[in-house]
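# Provide a 3D model corresponding to the input given below.
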Amino acid sequence: MTTQIRLLKDFMWWMLFVGFLGYCGRASAQVLPEYSAFPKNSIGLQLGTQGVGLQGSSAFGRVFNARIGFNTVPDITVQYNGRDLGLNRTSVYGIVDWQPLYGNADWLSRKWYVSAGISYYFNNTLYREGIGTVPNYYIYMSKLRPYIGTGLGNMPLSHSIGLRTDFGFFIPISSPTSTYDDRAEKVSSGLRGLLPGMNAGLTLYYRF
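From the prediction side, this is the model:
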(Lines give C-alpha, C1' and ligand atoms only; values in the text may rest on other atoms or scores of the structure.)
Protein backbone atom coordinates (compact mmCIF):
# COMPACT_ATOMS: atom_id res chain seq x y z
CA MET A 1 0.00 0.00 0.00
CA THR A 2 2.86 2.42 0.87
CA THR A 3 4.47 1.79 -2.52
CA GLN A 4 1.16 2.46 -4.31
CA ILE A 5 0.64 5.73 -2.45
CA ARG A 6 4.17 6.88 -3.30
CA LEU A 7 3.70 5.95 -6.98
CA LEU A 8 0.38 7.80 -7.07
CA LYS A 9 1.94 10.95 -5.57
CA ASP A 10 4.82 10.86 -8.07
CA PHE A 11 2.38 10.35 -10.93
CA MET A 12 0.19 13.25 -9.82
CA TRP A 13 3.16 15.65 -9.75
CA TRP A 14 4.21 14.43 -13.19
CA MET A 15 0.68 14.95 -14.53
CA LEU A 16 0.60 18.51 -13.15
CA PHE A 17 3.86 19.22 -14.94
CA VAL A 18 2.48 17.87 -18.25
CA GLY A 19 -0.66 19.94 -17.78
CA PHE A 20 1.41 23.06 -17.18
CA LEU A 21 3.35 22.47 -20.40
CA GLY A 22 0.08 21.97 -22.29
CA TYR A 23 -1.32 25.18 -20.88
CA CYS A 24 1.82 27.11 -21.86
CA GLY A 25 1.54 25.84 -25.42
CA ARG A 26 -2.18 26.44 -25.73
CA ALA A 27 -1.90 29.78 -27.51
CA SER A 28 0.11 28.35 -30.38
CA ALA A 29 -1.66 24.98 -30.59
CA GLN A 30 -3.96 24.14 -33.46
CA VAL A 31 -7.64 24.30 -32.46
CA LEU A 32 -9.45 21.12 -33.53
CA PRO A 33 -12.97 21.29 -35.02
CA GLU A 34 -15.91 20.33 -32.84
CA TYR A 35 -16.31 17.03 -34.69
CA SER A 36 -13.02 15.76 -33.27
CA ALA A 37 -13.22 12.88 -30.78
CA PHE A 38 -10.48 14.43 -28.64
CA PRO A 39 -10.12 17.55 -26.48
CA LYS A 40 -6.88 19.42 -27.11
CA ASN A 41 -5.59 18.65 -23.61
CA SER A 42 -7.25 17.01 -20.63
CA ILE A 43 -6.66 15.53 -17.20
CA GLY A 44 -9.21 13.30 -15.54
CA LEU A 45 -10.30 10.55 -13.16
CA GLN A 46 -10.78 7.06 -14.57
CA LEU A 47 -12.92 4.32 -13.03
CA GLY A 48 -13.34 0.84 -14.46
CA THR A 49 -12.31 -2.80 -14.47
CA GLN A 50 -8.62 -1.88 -14.13
CA GLY A 51 -9.35 0.08 -10.95
CA VAL A 52 -9.34 3.78 -10.21
CA GLY A 53 -6.72 6.17 -11.52
CA LEU A 54 -5.65 9.32 -13.27
CA GLN A 55 -5.37 9.93 -16.99
CA GLY A 56 -3.95 12.77 -19.06
CA SER A 57 -4.33 13.30 -22.80
CA SER A 58 -3.09 15.57 -25.58
CA ALA A 59 -4.41 15.61 -29.17
CA PHE A 60 -2.10 15.99 -32.15
CA GLY A 61 -2.25 15.83 -35.93
CA ARG A 62 -6.07 16.24 -36.02
CA VAL A 63 -6.89 12.50 -35.95
CA PHE A 64 -4.56 11.33 -33.16
CA ASN A 65 -4.52 11.55 -29.38
CA ALA A 66 -1.89 10.47 -26.83
CA ARG A 67 -2.81 9.33 -23.32
CA ILE A 68 -0.88 8.36 -20.22
CA GLY A 69 -2.45 6.94 -17.10
CA PHE A 70 -2.14 5.30 -13.73
CA ASN A 71 -4.56 2.69 -12.31
CA THR A 72 -4.68 0.82 -9.03
CA VAL A 73 -6.77 -1.78 -7.23
CA PRO A 74 -5.27 -1.49 -3.73
CA ASP A 75 -5.36 -4.90 -2.03
CA ILE A 76 -9.09 -5.60 -2.13
CA THR A 77 -10.49 -8.91 -0.81
CA VAL A 78 -13.94 -10.30 -1.57
CA GLN A 79 -15.80 -13.52 -0.78
CA TYR A 80 -16.06 -15.94 -3.71
CA ASN A 81 -17.60 -19.40 -3.14
CA GLY A 82 -17.18 -18.89 0.61
CA ARG A 83 -13.43 -18.20 0.41
CA ASP A 84 -11.29 -15.07 0.23
CA LEU A 85 -10.32 -13.84 -3.21
CA GLY A 86 -7.87 -10.94 -3.28
CA LEU A 87 -6.52 -8.72 -6.03
CA ASN A 88 -3.50 -6.42 -5.90
CA ARG A 89 -2.98 -4.46 -9.13
CA THR A 90 -1.12 -1.23 -9.92
CA SER A 91 -0.18 -0.14 -13.45
CA VAL A 92 0.93 2.69 -15.70
CA TYR A 93 0.17 2.87 -19.42
CA GLY A 94 0.57 4.84 -22.60
CA ILE A 95 -2.06 4.78 -25.37
CA VAL A 96 -2.38 6.38 -28.82
CA ASP A 97 -5.90 6.89 -30.21
CA TRP A 98 -6.88 7.25 -33.88
CA GLN A 99 -10.16 8.68 -35.15
CA PRO A 100 -10.70 6.93 -38.52
CA LEU A 101 -13.90 8.79 -39.49
CA TYR A 102 -12.64 12.30 -38.74
CA GLY A 103 -14.37 14.93 -40.88
CA ASN A 104 -17.79 13.29 -41.05
CA ALA A 105 -20.63 15.13 -39.35
CA ASP A 106 -22.65 12.27 -37.84
CA TRP A 107 -22.43 11.67 -34.07
CA LEU A 108 -20.58 8.34 -34.21
CA SER A 109 -17.91 9.67 -36.59
CA ARG A 110 -17.28 12.61 -34.26
CA LYS A 111 -16.90 10.42 -31.14
CA TRP A 112 -15.52 7.01 -32.13
CA TYR A 113 -11.83 6.08 -32.04
CA VAL A 114 -9.60 3.01 -31.92
CA SER A 115 -6.62 2.62 -29.62
CA ALA A 116 -3.30 0.83 -29.25
CA GLY A 117 -0.70 1.09 -26.51
CA ILE A 118 1.23 -0.66 -23.77
CA SER A 119 1.07 -1.00 -20.00
CA TYR A 120 3.33 -2.10 -17.19
CA TYR A 121 1.96 -3.58 -13.96
CA PHE A 122 4.04 -2.97 -10.85
CA ASN A 123 1.73 -5.47 -9.11
CA ASN A 124 -0.63 -7.92 -10.79
CA THR A 125 -1.34 -10.60 -8.22
CA LEU A 126 -4.36 -12.75 -7.41
CA TYR A 127 -4.71 -14.32 -3.94
CA ARG A 128 -6.94 -17.31 -3.24
CA GLU A 129 -7.77 -18.79 0.14
CA GLY A 130 -7.24 -22.55 0.26
CA ILE A 131 -9.74 -25.25 1.15
CA GLY A 132 -9.24 -28.78 2.46
CA THR A 133 -5.80 -30.00 1.41
CA VAL A 134 -5.29 -27.00 -0.88
CA PRO A 135 -3.23 -24.26 0.83
CA ASN A 136 -3.59 -20.52 0.33
CA TYR A 137 -1.90 -19.55 -2.91
CA TYR A 138 -0.99 -16.62 -5.16
CA ILE A 139 -1.18 -16.27 -8.93
CA TYR A 140 1.24 -13.82 -10.56
CA MET A 141 0.01 -12.50 -13.89
CA SER A 142 1.84 -10.93 -16.83
CA LYS A 143 3.20 -7.46 -16.05
CA LEU A 144 4.05 -6.09 -19.51
CA ARG A 145 0.98 -6.00 -21.76
CA PRO A 146 0.21 -4.41 -25.15
CA TYR A 147 -3.23 -2.83 -25.48
CA ILE A 148 -5.88 -2.73 -28.19
CA GLY A 149 -9.29 -1.14 -27.78
CA THR A 150 -11.94 1.29 -28.89
CA GLY A 151 -14.03 4.02 -27.32
CA LEU A 152 -16.13 7.13 -27.55
CA GLY A 153 -14.66 10.50 -26.65
CA ASN A 154 -15.19 14.23 -26.30
CA MET A 155 -18.70 13.97 -24.85
CA PRO A 156 -19.23 17.33 -23.09
CA LEU A 157 -21.01 17.51 -19.74
CA SER A 158 -20.34 21.23 -19.30
CA HIS A 159 -18.13 23.93 -20.80
CA SER A 160 -14.91 22.40 -19.43
CA ILE A 161 -15.93 18.91 -18.23
CA GLY A 162 -16.18 15.94 -20.57
CA LEU A 163 -16.62 12.17 -20.60
CA ARG A 164 -14.68 9.42 -22.37
CA THR A 165 -15.48 5.69 -22.52
CA ASP A 166 -13.10 2.84 -23.27
CA PHE A 167 -13.35 -0.85 -23.96
CA GLY A 168 -10.40 -3.06 -24.83
CA PHE A 169 -7.83 -5.53 -23.53
CA PHE A 170 -4.36 -5.39 -22.02
CA ILE A 171 -3.03 -8.59 -23.59
CA PRO A 172 -0.64 -10.81 -21.58
CA ILE A 173 2.65 -11.72 -23.27
CA SER A 174 3.69 -14.32 -20.70
CA SER A 175 1.84 -17.09 -18.88
CA PRO A 176 0.79 -16.65 -15.24
CA THR A 177 2.56 -18.58 -12.51
CA SER A 178 1.19 -19.95 -9.25
CA THR A 179 2.65 -20.75 -5.84
CA TYR A 180 0.54 -23.92 -5.79
CA ASP A 181 0.17 -26.67 -8.37
CA ASP A 182 -1.33 -25.63 -11.74
CA ARG A 183 -3.81 -23.04 -10.46
CA ALA A 184 -2.50 -20.43 -12.89
CA GLU A 185 -4.10 -22.38 -15.72
CA LYS A 186 -7.53 -21.35 -14.43
CA VAL A 187 -6.90 -17.66 -15.19
CA SER A 188 -5.18 -18.19 -18.55
CA SER A 189 -7.62 -20.40 -20.45
CA GLY A 190 -10.58 -19.29 -22.54
CA LEU A 191 -12.65 -16.34 -21.40
CA ARG A 192 -10.99 -16.40 -17.98
CA GLY A 193 -7.71 -15.51 -19.64
CA LEU A 194 -9.22 -12.32 -21.10
CA LEU A 195 -10.93 -11.05 -17.96
CA PRO A 196 -7.82 -9.89 -16.01
CA GLY A 197 -6.79 -7.67 -18.92
CA MET A 198 -10.21 -6.32 -19.81
CA ASN A 199 -10.41 -2.53 -19.78
CA ALA A 200 -13.96 -1.21 -19.54
CA GLY A 201 -13.96 2.24 -18.03
CA LEU A 202 -15.23 5.79 -17.86
CA THR A 203 -13.02 8.88 -17.62
CA LEU A 204 -14.40 12.14 -16.30
CA TYR A 205 -11.96 14.85 -17.38
CA TYR A 206 -11.25 18.54 -17.31
CA ARG A 207 -10.30 19.89 -20.74
CA PHE A 208 -8.05 22.85 -21.33
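
# strand partners (parallel or antiparallel) of the helix or strand containing Ile68?
Under DSSP states H and E, the secondary-structure element containing Ile68 is strand 64-80. Strand 64-80 has these partner strands in its sheet, going by DSSP bridges: strand 51-60 (antiparallel), strand 83-98 (antiparallel).

# next, the buried residues of the shortest one.
So that's strand 51-60. Buried residues in strand 51-60, defined by neighbour count with 16 or more other CB atoms under 10 Å: 51, 53-59. Just so you know, the C-beta spots here come from the backbone N, C-alpha and C atoms, and that holds for glycine as well.

# same check on the last one?
Within strand 83-98, the residues scored as buried using 16+ other CB under 10 Å are 86-93, 95-97.

# the protein: helices as residue ranges?
Residue ranges of the helices in the chain, as given by DSSP state H, are 2-24, 107-111, 190-194.

# what bits of this protein have low per-residue confidence?
Judged by pLDDT under 70, the chain has its weakly predicted residues at 1-33, 187-194.

# again, only this time at 80
For the chain, the stretches with pLDDT under 80 are 1-34, 74-75, 80, 181-195.

# looking at the buried residues of strand 51-60, spot the one nearest Asn136.
Using CB to CB, Gly51 comes nearest to Asn136 of those, at 23.1 Å.

# for Asn81, state which of the buried residues of strand 51-60 is nearest.
Nearest to Asn81 out of those is Gly51 (CB to CB; 23.0 Å).

# so the nearest residue to that closest one once chain neighbours are set aside bridges to which residues?
Nearest non-adjacent residue to Gly51, counting by CB to CB, 6 or more residues apart in numbering: Val73, 3.9 Å away. Taking DSSP bridges, one obtains Arg89 as the residues bridged to Val73.
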